[in-house]
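Visitor: Need a 3D model of the following:
(2 chains)
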Amino acid sequence: MDRACARAASDRIAHPPARAIHWAGTPVMIDPVLDISASVRAAVVAVLGAAGESADLAIHRSEHADYQADVALAVARLLKRPPKEVAAAIVERLPPSDVLSDARVSGPGFINLNCRPEYLAMQLDRMRADSRLGIESALHPDTTVVDFSSPNLAKEMHVGHLRSTILGDSLARILDCLGHRVIRQNHLGDWGTPFGMLIEHMLDEGAAGNNDVRELSAFYRAARLKFDGDPQFADRARRRVVLLQSGDPPTLEHWRRLIDATTSHIDALYKQLHVALSRDDIAGESLYNPRLEGIVGELERAGLARSSDGAVCVFLPGFVSREGQPLPLIVRKQDGGFGYAATDLAALKHRLQALRAHRVLYVVGAPQSQHFAMVFDTARRAGWVPEGARLEHVAFGSVLGQDGKELKSRAGGAVSLSALLDEALLRARAIVDERSSSLEEGERARIAEIVGIGAVKYADLASDRIRDYVFNWSRMLTFEGNTAPYLMYAYARIRSILRKAGVDAATPASGPAAVRIDSPAERALALEILQFPGTLARVGETLQPHRLCQQLFRTATAFSGFYDACPVLNAEPAVRSSRLALCKLTARVLARGLELLGIDVPESM
RNA sequence: GCGCCCGUAGCUCAGUUGGAUAGAGCAUCAGGCUUCGAACCUGAGGGUCGGGGGUUCGAAUCCCUCCGGGCGCGCCA
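Guide: Model prediction:
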């Protein structure tokens, strides 16, 4: 288990376990590992003495029991006794418990642990009564900056932006849910040499079209061709950059027109994608322009940066170039202009000092890992990074085509994001029309939107982000296995049951304990549901939303098994109300989990 | 050349930071709808975890080495 849970577990030895449910954001310890740890810890201390206080209990889910503890194997060597004997001694010393029904030694020294059904039911009831579903709020909330999406000015968003946008949105939601103060930063690429080129081309052509970014994209390509082929134009473009950077009013006016066109384009896409990014979150490269001079000066005075071949560079130990020479981080170019290293350094300093961030996340592709390693290292050496602050490059793999080669926008082969989403909607609509032909037109359209967008996002989030991603329609829109539609279908079936039973779906439960755990299918579902808060806490540390996807998939699978084995509506009254409560709790977990991934759920489909 | 990442079933992927016989989905085969939604469920076959060493009671996981693939490595961002 994660560090937070381990800490909470040891607290429970010192203080009597609080059984009361706490409301309004105070921690509700749901995860059975916490209570199991307390019992096992007591037994281990009884066997080992003080050394047992710090021993790793290694409690986790098991195929052979509800949970297993591997602590005996780990500590056997310290005691110079056979692991099986140590395990038996620990089992012997387990205190009487309302948590565990049985514990036995197995294999070379594993301790298999089963929970009492009444205990699982009680934990579920506590979770049901909690509007936060047992998700603990961080005891020491961090201010966390999440830098993600980062489209470019005057260019259409394409598949290459998809991962950063979706991953960043999900991580921001999750960290926010865990009680941290999240500051979203959309590092819009709105500054640099391309804009001199664009504005110069605008002036040549008399206009830059209207506010349609698709036109602007063509405009961009035309300007680029001219820039590459016409040295005189290239010179004018470079001079225009200087005018832009020095704040020349007519130049700025044209630049703002580009900004307006771009923001209306990306706003529409964010809305369609259900990504929580607004204009207020835009902190583009231009924002840092006035500070670049000062940043470079500061680095020079600190002895970190020095002149090299006419540029100003930071040289860091451990970074070596192709020729074996020290590898520079170029903060100021030969021509006096500032590169993206300077901008990133200024942005980082701003986030640490003005925004007072404890944690800064960069949701940016893996190819830039060396760049960020150098930027972070420089910031530390400059003394900008407070003790304990974390700078993390949340790296992800490249988007590849079917041929396994990287999709590159400059090659002209990149699929535009809006075209991609349009196709996702069309394909989802065809499936919904076929499967849910009895529903009305408007209803089918709404479902197709939820399913289509959700499928695309989930396909991206469900695989480990560090791996390369092969862009593949059938992968995105296959509705089987670990996919959004599978989870949505489980949710829709629950909602159907709840509608028939007249149960309100969204609100926390009130009243006395109602859940009973009798059958194996109920137990399996209960154990998955109770994993939810701990999984979220873990994702908050590892920044791997695919672990949340995995957990939701296991929960939905367990529900399908339960659905198959356990009739709800026709069961006898006590069983019926218990199973209804289990259904409703499952629905809330699925809906909340998907919400944290930025994905909507349909009430029917 | 140096550095980082990846390599797991025919395909697409997990593997809870070192634990039991390496798990899912797709595909294949065999079953299950007069009962809450079959976009579902149950079962079967399918593996030298890229190769080889090492550490360990115990390795897909940690270390070394080799092979294969990708990316980065001075003025684009």
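
Visitor: residue ranges with poor pLDDT in the stretch 451-600 of chain A?
Guide: Scanning the stretch 451-600 of chain A with the threshold set as pLDDT under 70 gives A:505-507, A:509-513.

Visitor: residues contacting residue A:482?
Guide: Applying CB atoms under 8 Å, 6 or more residues apart in numbering, we find residue A:482 in contact with A:462, A:549-550, A:553. C-betas here are computed from N, CA, C, even on glycine.

Visitor: Sorry, slip of the keys, the one I care about is residue A:255.
Guide: Listed by CB under 8 Å, 6+ apart, the contact partners of residue A:255 are A:190, A:195, A:199, A:244.

Visitor: and residue A:329, that's in a helix?
Guide: No. Counting by DSSP: H, G, I helix; E, B strand; the rest coil, residue A:329 falls outside a helix, being strand.

Visitor: how many neighbours does it have?
Guide: 25 (other CB atoms under 10 Å).

Visitor: cool, and residue A:286?
Guide: For residue A:286, using other CB under 10 Å, the count is 21.

Visitor: Now it. Nearest residue, chain neighbours left out?
Guide: residue A:191 (4.4 Å; CB to CB, 6 or more residues apart in numbering).

Visitor: By neighbours, which of the contacts of residue A:255 wins?
Guide: When the contacts of residue A:255 are compared by neighbour count (other CB under 10 Å), residue A:199 ends up highest, at 28 neighbours.

Visitor: so is the closest residue to RNA strand B within chain A in a helix, a strand, or just coil?
Guide: With CB to the nearest atom of the strand, the shortest gap between chain A and RNA strand B falls at residue A:481, namely 1.9 Å. Secondary structure, three-state DSSP: residue A:481 is coil.

Visitor: mind putting the contacts of residue A:482 in CSV, distance to residue A:334, neighbour count and secondary structure included?
Guide: What follows is the contacts of residue A:482, written out as CSV (distance: CB to CB, whole Å; neighbours: other CB atoms under 10 Å; DSSP: H, G, I helix; E, B strand; the rest coil):
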residue, distance to residue A:334, neighbour count, secondary structure
A:462, 46, 21, coil
A:549, 47, 25, helix
A:550, 50, 14, helix
A:553, 53, 20, helix
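
Visitor: Okay, strands next: where are they in the stretch 351-500 of chain A?
Guide: Remark: strands assigned in the stretch 351-500 of chain A by DSSP state E, counting those that start in this stretch are A:359-362, A:390-393, A:399-400, A:469-470.

Visitor: just so I know, which of these lies nearest residue A:560?
Guide: Residue A:560 sits nearest to strand A:469-470 of all the strands of the stretch 351-500 of chain A, at 27.7 Å, using CB to CB.

Visitor: List the strands paired with the closest one, with their directions.
Guide: For strand A:469-470, the paired strands and their directions (DSSP bridges) are strand A:399-400 (parallel).

Visitor: re earlier: so the residue nearest to residue A:286 makes contact with residue A:283?
Guide: No. Residue A:191 lies out of contact with residue A:283 (CB atoms under 8 Å); the separation is 11.7 Å.

Visitor: what about the stretch 1-150 of chain A, any weak spots by pLDDT?
Guide: A:1-28.

Visitor: Spell out, range by range, the strands that occur in it.
Guide: A:59-61, A:67-69, A:100-106, A:110-115, A:143-147.

Visitor: touching RNA strand B at all, the second one?
Guide: Meaning strand A:67-69. Yes. Judged by CB under 7 Å from any atom of the strand, strand A:67-69 and RNA strand B are in contact via residue A:68.

Visitor: Name the residues that touch that strand?
Guide: Contact partners of strand A:67-69, identified using CB under 8 Å, 6+ apart, comprise A:32-33, A:36, A:40, A:57-62, A:90, A:106, A:110-115.

Visitor: If any of the residues you listed are buried, put those into a ChimeraX selection.
Guide: Remark: buried members of the contacts of strand A:67-69, expressed as a ChimeraX selection using 16 or more other CB atoms under 10 Å:
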select /A:32,33,36,40,57,58,59,62,90,110,111,112,113,114,115
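
Visitor: Check which helix or strand the most centrally placed residue in chain A maps to.
Guide: In chain A, the residue lying closest to the centroid (CA atoms, centre = their mean) is residue A:171, at 2.9 Å. Secondary structure from DSSP states H and E places residue A:171 in helix A:159-177.

Visitor: I'd like the mean pLDDT over that helix, please.
Guide: Taken as a whole, helix A:159-177 carries a mean pLDDT of 95.

Visitor: buried residues in the helix or strand just after that helix?
Guide: Next helix or strand after helix A:159-177 toward the C-terminus (DSSP H and E): strand A:181-185. Using 16+ other CB under 10 Å as the test for burial, strand A:181-185 gives A:181-185.

Visitor: hmm, back to that, among the strands of the stretch 351-500 of chain A, which is the most enclosed?
Guide: Comparing the strands of the stretch 351-500 of chain A by mean neighbour count (mean count of other CB atoms under 10 Å), strand A:359-362 ranks first with a mean of 24.
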